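J.: just coords:
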Ligand code: DOR
Ligand code: ZN
């Protein structure tokens, strides 16, 4: 078979993205907007997005920064909300994101896992109103076991709310891969970094702070399980980069912030990965079609774009300037073997 040297992506969607705010937003939002048609925007700002006014103002700031070339799908930070409030905001959001309290960056106002019963009224309303639930599924146990320990909570949610669409965000383990197949209403997003790296890459030699994220990178076996779902574009999974930029001095610090900044190179690296495994034909499903069917989106819901990538080296910038600070992407200063050739807005 001839080698495929050109890949055309139809409206890639990033279904898990951190854009932050202020000067970080101004730096990173255009980088996603250039290559993606739209993205699911995480609400873990400080303070988190819990009100309609702040959600709409944040959406406007994103649209202003991205010059309307990109569709931000907004999310609310999970807490108990009234029926009246959810009805009023339903059309402005695509999902509500649930974080266990304190489990990751800016999640201090998240839910108490010991008191899941108190979440029932809001989950019931979300089911009735057709609002998707996205979950950061980690317990507060030993760092390598946190996702596995959370799986029974996913199961009980899936069983208790069979008509609620539940997204297991950024899954990292073989067991989570298996669970995604078990219940009709459970789906999952998968990041680039969890498809490429294990704990060994992060901490097996010199410590690599730019690979430190939550959930933490796992084992080779886990990575292989994620890869087989992604490369086959299993319909229960979709791409969510979890691109999570932090200033360089917050990453290269003795208290390193969790997050891998991948937005400017995610498509190039995914083409390279799918090409290496001769699965290029599945990339549009993983990057767009699966998300459309999971979230019930159609072409009128986002800006349509074709992104053409070719087999040509792309040198990832060593860093991006953020005023007097810098932000370091994954693969900083390294070459990837696919580059963006053309972007056409349809
Ligand atoms: O590594 C991570 N960074 N994981 C998360 O869940 C949050 C994110 C962030 O906001 O920095
Ligand atoms: Zn995230």
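T.: Sure thing, it's come through. Fair warning: this is a prediction, and the values are worked out from it, not measured in the lab. Ligands and ions are numbered 1, 2, ... in the order given.
J.: The nearest residue to residue 47 once chain neighbours are set aside: how many residues sit nearby?
T.: Of all residues not flanking residue 47 in the chain, residue 109 sits nearest, at 7.3 Å (Cβ to Cβ, 6 or more residues apart in numbering). Using the backbone N, CA and C atoms, a C-beta is placed for each residue, glycine as well. When neighbours are defined as other Cβ atoms under 10 Å, residue 109 has 16 of them.
J.: Check residue 251 too.
T.: Neighbourhood size, residue 251 [other Cβ under 10 Å]: 22.
J.: Could you pull up the contacting residues of the closest residue to it other than its chain neighbours?
T.: Leaving aside its sequence neighbours, residue 251 sits nearest to residue 209 (Cβ to Cβ, 6+ apart; 4.8 Å). Contact partners of residue 209, counting by Cβ atoms under 8 Å, 6 or more residues apart in numbering, are 251-253, 256.
J.: if you set the cut-off to 7 Å instead, what comes out?
T.: 251-252, 256 (Cβ atoms under 7 Å, 6 or more residues apart in numbering).
J.: Inside strands: which ones of those?
T.: Judged by DSSP state E, strands contain none of these.
J.: Do I have it right that residue 238 meets residue 293?
T.: No: with contact defined as Cβ atoms under 7 Å, residue 238 does not count as touching residue 293 (9.0 Å).
J.: What parts of the stretch 1-150 of the chain come near ligand 1?
T.: 18, 44, 104-105, 136 (Cβ under 6 Å from any ligand atom).
J.: Phi, psi for residue 82 please.
T.: phi -80, psi 160 (degrees, to the nearest 10).
J.: where does it land on pLDDT?
T.: Residue 82 is assigned 98 on the pLDDT scale.
J.: Equivalent analysis for residue 141, please.
T.: At residue 141, the pLDDT value in this model is 95.
J.: Just give me the neighbour total for residue 71.
T.: When neighbours are defined as other Cβ under 10 Å, residue 71 has 22 of them.
J.: Please disregard the earlier target; I meant residue 176.
T.: Neighbour count for residue 176, taken as other Cβ under 10 Å: 26.
J.: Name the helix or strand for it, please.
T.: For residue 176, the element it lies in under DSSP states H and E is helix 174-180.
J.: Show me which residues of that helix are buried.
T.: Residues of helix 174-180 classed as buried: 174, 176-177, 179-180 (neighbour count, 16 or more other Cβ atoms under 10 Å).
J.: the more surrounded of residue 238 and residue 293?
T.: Legend: neighbour count by other Cβ under 10 Å for residue 238 and residue 293, higher for residue 238 (29 against 13).
J.: Look at the more buried one and tell me its secondary structure.
T.: What DSSP: H, G, I helix; E, B strand; the rest coil gives for residue 238 is strand.
J.: Could you point out the bridge partners of it in the sheet?
T.: residue 189 (DSSP bridges).
J.: Pull up the gap between it and residue 145, please.
T.: Per Cβ to Cβ, to the nearest Å, residue 238 is found 25 Å from residue 145.
J.: Let me see the mean pLDDT of the helix or strand residue 195 falls within.
T.: Assigned by DSSP H and E, residue 195 belongs to helix 192-196. For helix 192-196, mean pLDDT is 99.
J.: which helices and strands does that helix pack with?
T.: Under the contact criterion of 3 or more Cβ pairs under 7 Å, 6 or more residues apart in numbering; DSSP states H and E, helix 192-196 touches helix 220-231, helix 266-276.
J.: what does the helix or strand following the shortest one contact?
T.: Per DSSP H and E, the first helix or strand lying C-terminal to helix 266-276 is helix 283-284. Under the criterion Cβ under 7 Å, 6+ apart, residues 7, 9-10, 270-271, 274 lie in contact with helix 283-284.
J.: Which single one of those residues is nearest to ligand 1?
T.: Comparing the contacts of helix 283-284 against ligand 1 with Cβ to the nearest ligand atom places residue 270 closest, at 18.7 Å.
J.: That closest one contacts residue 193, correct?
T.: No: at 11.4 Å, residue 270 does not count as touching residue 193 under the criterion of Cβ under 7 Å.
J.: Which parts of the stretch 51-200 of the chain are helices?
T.: Applying DSSP state H, counting those that start in this stretch to the stretch 51-200 of the chain gives helices spanning 52-65, 83-89, 120-129, 146-160, 174-180, 192-196, 199-203.
J.: What is the first one packed up against?
T.: Using 3+ Cβ pairs under 7 Å, 6+ apart as the contact criterion, the secondary-structure elements in contact with helix 52-65 are helix 22-35, strand 71-77.
J.: what does the longest one give?
T.: The helices and strands touching helix 146-160, judged by 3+ Cβ pairs under 7 Å, 6+ apart, are strand 166-168, helix 174-180.
J.: For ligand 1, which of those is the nearest?
T.: strand 166-168 (12.8 Å).
J.: Tell me which other helices or strands that closest one touches.
T.: Against strand 166-168 (3+ Cβ pairs under 7 Å, 6+ apart) you get strand 132-135, helix 146-160, strand 186-190.
J.: and it, which strands flank it?
T.: Partners of strand 166-168 in the sheet, by DSSP bridges, are strand 132-135 (parallel), strand 186-190 (parallel).
J.: So that strand, near ligand 1 or not?
T.: No: remark: strand 166-168 sits outside contact range of ligand 1, by Cβ under 6 Å from any ligand atom, the gap being at least 12.8 Å.
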